[in-house]
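>>> Quick one: sequence and predicted model below, then my questions.
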Amino acid sequence: MASSTCTNGNAIAAFPSGSDCNRTRRAFLVSFLNPTSSSHCQPRALVINNNVLKTVRTCVLRSKSEKKGGDGCWSSDKRPTILVSEKLGEAGLRLLREFGHVECAYELSPQELCSKISSFDALIVRSGTKVTREVFEAGKGKLKVVGRAGVGIDNVDLQSATEFGCLVVNAPTANTVAAAEHGIALLAAMARNVAQADASTKAGKWQRNKYVGVSMVGKTLAIMGFGKVGSEVARRGKGLGMNVVAHDPYAPADRARAIGVDLVSFDQAISTADFISLHMPLTPSTKKVFNDNTFAKMKKGVRIINVARGGVIDEDALIRALDGGIVAQAALDVLIEEPPPKDCKLVQHEKVTVTPHLGASTKEAQEGVAIEIAEAVVGALKGELSATAVNAPMVAPEVVSELNPYIVLAEKLGKLAVQLVSGGSGIKNVKVVYRSARGPDDLDTRLVRAMIIKGIIEPISNSIINLVNADYKAKEKGLRISEERIVVDSSLEHPIDSIQVHISNVESKFGSAVSDNGQISIEGKVRYGTPHLTCLGSFGVDVSLEGNLILCRQVDQPGMIGCVGNILAQHNVNVSFMSVGRTSRREMAIMAIGVDEEPTQEALDNIGSVSAIEEFVFLKL
């Protein structure tokens, strides 16, 4: 095993600061989403629900340039700014206005959006606004959250959002039923020629024979994309007496069986269906997946409904399939270009029924989406993990609450480790070892790993690192993070007994941090709710990781604590705690000193001039 052996039994603590145990700690996600902040949280209420203890917090994200209120949260004149670029239900706007400054600016051109966005912490869009790389670049690091009021996020450049550390959230549940109902409405209207017959009758004609429809009962309906909307369409299709099959490589078979739906291959679904209803997202793999080749595999006379994304259909190929008789009819709520040009051949085709993207357009759905996205955006700005986050790991609230002190520890260890490296840019391999009584299935370390990455990368780069982009930035920097878990006999009440960070193949500016295997090795634990350094190289120590830290390797002899303490006192540097760890009596020892102020260079030179001190280093935490 690569971890070092520490002589913790020999650690001697001096000058402990009991107040450290009671210090208010930063909410970890505030730091993740806005690493330039120094926000604090004050618990306002505790809610116990299903045995999950949750702290309702009022702190929110704040940048250095913003004024801090008395409780460490947004002050009244510096509340977060939120830009709403497309119409949002009044219930959602009320929620947003209670929390921040809201500006509604509809129908912005791309240039206008880019010119405005640098003034806003959050942006809320629907499907019409394109949130491109240029928008994130123009945000200049201030834009922290993009909220998509709806399900699909193909109008948001997720790659760029991740690179710039911007969280993207959507509203995937509120309009589910509305979209499913519209899909069924289009299916029925198409099967019975409702729109065409209505137009004909209003034109003064009475063409009963021309608009003979087809029955739905007993027909096979193929659901392409068996997510929330697809599942609801399947339920309603079963209610109409249809035989329903579905294709979705990610759908669980038990959920399909519960509805009475058979999961089949893509080719089997499209080749056996009388009706095909599309409910898949627009991704590189689904773009124009319905094309000449796929239409050729369909049963002649098939009918197609699309309430998903226009881009999944090759519209020119669909026209050819309609003209060739392969597709009898199509009912489309979405198109590649919205609104379409007036001379759009597909819209004007007599076998096509078109609606102007009405899938979510019910009063109930509009209010529901507005509330859902407003809650997601406000929660993200407060530093909470959103259940609808698109580009960040999903972690249960109870796990977040339990891991919070270890996440703080992880960032401190990352910051400490990188400062021990001589020439930090040379770091390539980092190993993290978790010692825990819990098995792998009971310990989610994604947030801890992300915080270690944040601690390592931020001090040696211009990058802003947060929960959203930590893994991406590590990969971009060529930093390989490996993890190991060691089961130890400790209390199951605490998720992690200790965290070790090992950096290999680098030079250390403090030789004592190098363990016997040649790696820079440090270890930390959470004690009394605060992060502590417990091992440095092969030396055991016990230091609360608050403020700044001086590490000294010295000859183990009387008077060393007083000597260094006097030097710091002469330079008006307050010592908050000290710890001495040694390998054996009267040989070498490590003295770790916590200081409230940053010592002057003269003070550090004076410490280094003490004959018994062989090396020392000052670390900012």
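Thanks, I have the structure now.

>>> For S508, what are phi and psi?
Here is the backbone geometry of S508 (degrees, to the nearest 10): phi -110, psi 140.

>>> What residues does it make contact with?
With contact set as Cβ atoms under 8 Å, 6 or more residues apart in numbering, S508 has these partners: L420, V421, S422, V514, I520. In this view, the C-beta of every residue, glycine as well, is placed from N, C-alpha and C.

>>> And it, what's its pLDDT?
In this model, S508 is scored at 90, pLDDT.

>>> Would you mind measuring from it to L420?
Noted for S508: a distance of 5 Å to L420, by Cβ to Cβ, to the nearest Å.

>>> Now for the two: what residues contact both?
Taking Cβ under 8 Å, 6+ apart as the criterion, S508 and L420 both touch I520.

>>> Show me which of the contacts of S508 is closest to F539.
Within the contacts of S508, the smallest distance to F539 is 10.8 Å, found for V514 (Cβ to Cβ).

>>> Enumerate every residue touching the closest one.
By Cβ under 8 Å, 6+ apart, the contact set of V514 is S508, I520, S521, G537.

>>> Pick out the most distant pair among these.
The span of those, defined through Cβ to Cβ, is set by S508 and S521 at 9.9 Å.

>>> Quick one: residues in contact with stretch 417-426.
With Cβ under 8 Å, 6+ apart, stretch 417-426 has contacts from 427, 430, 455-457, 459-460, 501, 503, 505-510, 513, 520, 522, 617, 619-620.

>>> if we can go back for a sec, which of the contacts of S508 tops the neighbour count?
Of all these, the highest neighbour tally under other Cβ atoms under 10 Å goes to I520, namely 29 neighbours.

>>> wouldn't it be in contact with I503 here?
Yes: when contacts are counted by Cβ atoms under 8 Å, I520 is listed as touching I503 (4.4 Å).

>>> Tell me the helices and strands packed up against the one helix or strand L447 maps to.
Using DSSP states H and E, L447 sits in helix 446-457. With contacts defined as 3 or more Cβ pairs under 8 Å, 6 or more residues apart in numbering; DSSP states H and E, the packing partners of helix 446-457 are helix 28-33, helix 397-419, strand 429-436, helix 470-476, strand 480-487, strand 498-504.

>>> switch to 7 Å and redo it
helix 397-419, strand 429-436, helix 470-476, strand 480-487 (3 or more Cβ pairs under 7 Å, 6 or more residues apart in numbering; DSSP states H and E).

>>> So for V377, which of those sits nearest?
Counting by Cβ to Cβ, V377 lies closest to helix 397-419 out of the helices and strands packed on helix 446-457; the figure is 17.6 Å.

>>> gap between that closest one and the chain center?
17 Å (Cα atoms, centre = their mean, to the nearest Å).

>>> I'd like to know the average pLDDT value across that helix.
In this model, helix 397-419 carries a mean pLDDT of 87.

>>> Next: stretch 302-316.
pLDDT averaged over stretch 302-316 gives 96.

>>> Show the end-to-end separation of that stretch, please.
Terminal residues of stretch 302-316 lie 17 Å apart, using Cα to Cα, to the nearest Å.

>>> What residues sit buried inside it?
302-315 (16 or more other Cβ atoms under 10 Å).

>>> Extract the residue ranges of the stretch 151-300 of the chain that are flagged as low pLDDT.
Judged by pLDDT under 70, the stretch 151-300 of the chain has no weakly predicted residues.

>>> Strands of that one, residue ranges please.
Secondary structure of the stretch 151-300 of the chain by DSSP state E, counting those that start in this stretch: the strands cover 167-170, 220-224, 243-247, 262-263, 275-278.

>>> Dump the last one to PDB, restricted to CA.
What that stands for is strand 275-278. The C-alpha coordinates for strand 275-278 follow below in PDB (Å, rounded to 0.1, in the frame of the first residue of the first chain):
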ATOM      1  CA  PHE A 275     -47.700   4.700 -35.000                       C
ATOM      2  CA  ILE A 276     -44.300   6.000 -33.900                       C
ATOM      3  CA  SER A 277     -44.100   8.600 -31.200                       C
ATOM      4  CA  LEU A 278     -40.800  10.300 -30.600                       C
END
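
>>> Sheet partners, orientation included, of it?
Paired neighbours of strand 275-278 in the sheet (DSSP bridges): strand 220-224 (parallel), strand 302-306 (parallel).

>>> cool, the fourth one as well?
Strands adjacent to strand 262-263 in the sheet, as given by DSSP bridges, are strand 243-247 (parallel).

>>> Might you calculate how far the strand it pairs with sits from the centre of the chain?
Strand 243-247 sits 33 Å away from the centroid of its parent chain (Cα atoms, centre = their mean).

>>> tell me which residues in it are buried?
N243, V244, V245, A246, H247.

>>> Okay, the second one and T362: tell me how far apart.
As judged by Cβ to Cβ, V244 and T362 stand 23 Å apart.

>>> Check the third one too.
With distances defined as Cβ to Cβ, the gap from V245 to T362 amounts to 28 Å.

>>> what stretches of the stretch 501-621 of the chain score poorly on pLDDT?
The model of the stretch 501-621 of the chain has pLDDT under 70 over residues 583-584.

>>> mind listing the strands for it?
Counting by DSSP E, counting those that start in this stretch, the strands of the stretch 501-621 of the chain are 520-527, 530-536, 539-544, 548-555, 575-582, 588-595, 613-620.

>>> Show me the residue sitting in the middle of the chain in space.
With distances taken as Cα atoms, centre = their mean, the residue of the chain nearest its centroid is A392 (1.8 Å).

>>> now the helices: where do they sit in the stretch 151-300 of the chain?
With helices called from DSSP state H, counting those that start in this stretch, the stretch 151-300 of the chain shows them at 158-163, 176-191, 194-202, 228-239, 253-259, 266-272, 292-296.

>>> So which residues lie in contact with the third one, not counting its own?
To tie it back to what came earlier, the one meant is helix 194-202. Helix 194-202 is contacted from outside by A189, Q207, Y211, T353, using Cβ atoms under 7 Å, 6 or more residues apart in numbering.

>>> Would you list the buried entries among the residues you listed?
For those, buried by 16+ other Cβ under 10 Å: A189, T353.

>>> and the contacts of helix 194-202 as TSV, adding distance to E181?
As requested, the contacts of helix 194-202 are exported to TSV (distance: Cβ to Cβ, whole Å):
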residue	distance to E181
A189	12
Q207	28
Y211	23
T353	16
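
>>> Show me which of the contacts of helix 194-202 is closest to I124.
Checking the contacts of helix 194-202 against I124 by Cβ to Cβ gives T353 as the nearest, at 31.2 Å.

>>> Give me the three-state assignment for that closest one.
Here T353 is recorded as strand under DSSP: H, G, I helix; E, B strand; the rest coil.

>>> C552 versus that one, what's the distance?
79 Å.

>>> Also D471?
36 Å.

>>> Also E112?
Taken as Cβ to Cβ, the span from E112 to C552 is 58 Å.
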